[in-house]
Structures are given as C-alpha cells and as structure tokens.
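>>> Kindly return the folded structure for what I paste below:
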Amino acid sequence: MWTRFGLDVPTTLSELCRPDRMALIVYDMQAGIVRQLGDAPAITARVRCVLDLARASGVRVIFTRHMSLPLKLMGRFQLRQAMVWQKLSDPDQVEPWFLRGSPGFEIVPELAPQADEAVIDKIAFSAFEGTPLALILRDCGLIAFAIVGIATEIGIDPTVRHGGDLGLVPVIVQDACGAGDQEAARRSLANLRWMGDAIITDSAAFSAALHSSA
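Presented below is the predicted three-dimensional model:
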C-alpha cells in the first residue's frame with residue numbers, strides 16, 4: 001500500500017478486497033437473460049460462489065436488473081436499440097422483454113438477494129447511468145467494486161469503464177462473468193487489460209484475497 005498526500009493508494013487485489021473498500025455488483029442475473037446462455041448453469045454456480053464469499057466476508061452486495069419501459073415511454077434510442085436486438089424493421093413490432101413484474105425480469109432464484117442487499121433497476125447498460133450506484137458506493141466510503149454476472153461484452157464492459165471514470169477501481173472476476181458472444185467478450189477483456197484501469201482476476205484469486213485481507 002502506497003500513501004501519497006494523505007491518501008492510501010491500493011495496488012494489489014488483497015488491498016482492495018476488504019468490506020471497508022469494496023462492494024460486489026451482481027450484474028443482470030435475471031431469468032430472461034440467464035436462459036439465453038448455453039453455459040448458464042456453470043456461470044450461475046460461479047456467480048453464486050463469489051456471492052457466498054462476499055457475504056461471508058461482510059462485503060456489501062448490490063444486484064442490478066435490466067428493465068424495459070412500456071412502449072409509449074420508449075424514446076427514439078430505446079426503440080431503435082430494441083429493433084436491433086430483436087432483429088425488427090418495424091417499431092410497432094417491438095416487444096419490451098423485461099417489463100417490471102414479468103417472469104424474465106426477476107433475479108434467478110439461486111441468487112436471491114438478501115434483505116440487506118440492494119437491487120437496482122436500470123435501462124442503460126452501464127450500471128452507473130441513471131442509478132444511485134455511485135452515490136451508494138461513495139456514501140459507504142468505498143473505493144472499489146468487484147463485478148460478476150452477464151454479459152461481459154454488453155453490460156460489464158461499459159460499467160467497468162464508467163466506474164473507472166468515476167474514480168473507482170473495478171475488479172472483474174472473469175470466470176464468474178458470462179457472455180453471449182465469446183469472441184466479443186475476449187475483445188472487451190483484452191482492451192480493458194490494455195487500458196489498465198481494472199484488475200482482472202478469477203474466483204480462486206478473489207477468494208484468496210478476501211481471506212488474506214480478513
């Protein structure tokens with residue numbers, strides 16, 4: 001640990017993996033998203049492993065859910081984006097996949113949030129855009145976040161970049177992050193490594209770091 005101008009500057013995983021410095025973000029592990037992955041059971045099990053580690057270590061946990069708006073409230077961008085994702089040429093054919101209260105919107109039961117864990121709904125891919133996530137982390141005095149969930153190339157990448165821009169240190173638990181497109185996920189991780197803002201690790205190293213800091 002370096003100290004400069006009265007500030008602690010952590011540089012290692014074990015220095016960050018402490019309940020007073022880091023939270024865990026479980027990104028979009030919703031029924032309607034998880035079922036789209038071929039390796040969904042394996043990814044869900046690894047996310048559960050990291051979640052159990054965080055809970056046992058006293059790390060704060062925040063879940064995110066991707067939420068669709070009713071068609072009348074979808075603006076130009078959201079309609080266009082839905083048309084791209086649903087491979088449609090007519091906006092009248094768009095179906096909001098993740099309306100609040102729909103079965104696909106809910107977190108999978110294997111990862112059911114506990115009473116002292118937050119669930120944040122969002123309509124953007126960055127978990128920080130339009131949500132209280134940054135305020136929660138800063139108000140709790142945290143400087144870093146670990147992230148697991150789905151999907152690396154779609155939502156985890158922009159959340160990590162956005163978090164870095166906010167002055168937080170992102171920790172990506174790579175083997176507990178699923179992907180819809182493996183090649184796109186590899187490109188995302190390669191670029192994030194090149195940028196150097198995030199620490200990219202795996203479940204075993206994350207577990208060792210939590211135990212070390214304890």
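>>> Now tell me what touches the helix of greatest length in the chain from outside.
Counting residues, the longest helix found in the chain (DSSP state H) is helix 40-57. Helix 40-57 has contacts (CB atoms under 8 Å, 6 or more residues apart in numbering) with 17, 19, 24, 26, 29, 34, 37, 59, 61, 108, 110-111, 114, 146, 148-150, 173, 175-178, 203, 206-207, 210, 213-214. C-beta coordinates here come from the backbone N, C-alpha and C atoms, glycine included.
>>> Show me the strands in the protein, by range?
2-4, 7-9, 22-27, 60-66, 118-122, 144-150, 169-178, 199-201 (DSSP state E).
>>> ok so, going back, just give me how far the longest helix of the chain sits from the chain centre.
13 Å (CA atoms, centre = their mean, to the nearest Å).
>>> export that helix as PDB, just CAs?
C-alpha atoms of helix 40-57 as PDB (Å, rounded to 0.1, in the frame of the first residue of the first chain):
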ATOM      1  CA  ALA A  40     -25.900 -20.700 -17.900                       C
ATOM      2  CA  PRO A  41     -25.700 -23.300 -15.100                       C
ATOM      3  CA  ALA A  42     -21.900 -23.100 -14.800                       C
ATOM      4  CA  ILE A  43     -21.900 -19.300 -14.800                       C
ATOM      5  CA  THR A  44     -24.700 -19.100 -12.200                       C
ATOM      6  CA  ALA A  45     -22.800 -21.500 -10.000                       C
ATOM      7  CA  ARG A  46     -19.600 -19.400 -10.200                       C
ATOM      8  CA  VAL A  47     -21.600 -16.200  -9.500                       C
ATOM      9  CA  ARG A  48     -23.100 -18.000  -6.500                       C
ATOM     10  CA  CYS A  49     -19.600 -18.900  -5.300                       C
ATOM     11  CA  VAL A  50     -18.400 -15.300  -5.500                       C
ATOM     12  CA  LEU A  51     -21.600 -14.100  -3.900                       C
ATOM     13  CA  ASP A  52     -21.200 -16.500  -1.000                       C
ATOM     14  CA  LEU A  53     -17.600 -15.400  -0.500                       C
ATOM     15  CA  ALA A  54     -18.700 -11.700  -0.400                       C
ATOM     16  CA  ARG A  55     -21.500 -12.400   2.100                       C
ATOM     17  CA  ALA A  56     -19.300 -14.400   4.400                       C
ATOM     18  CA  SER A  57     -16.700 -11.600   4.300                       C
END
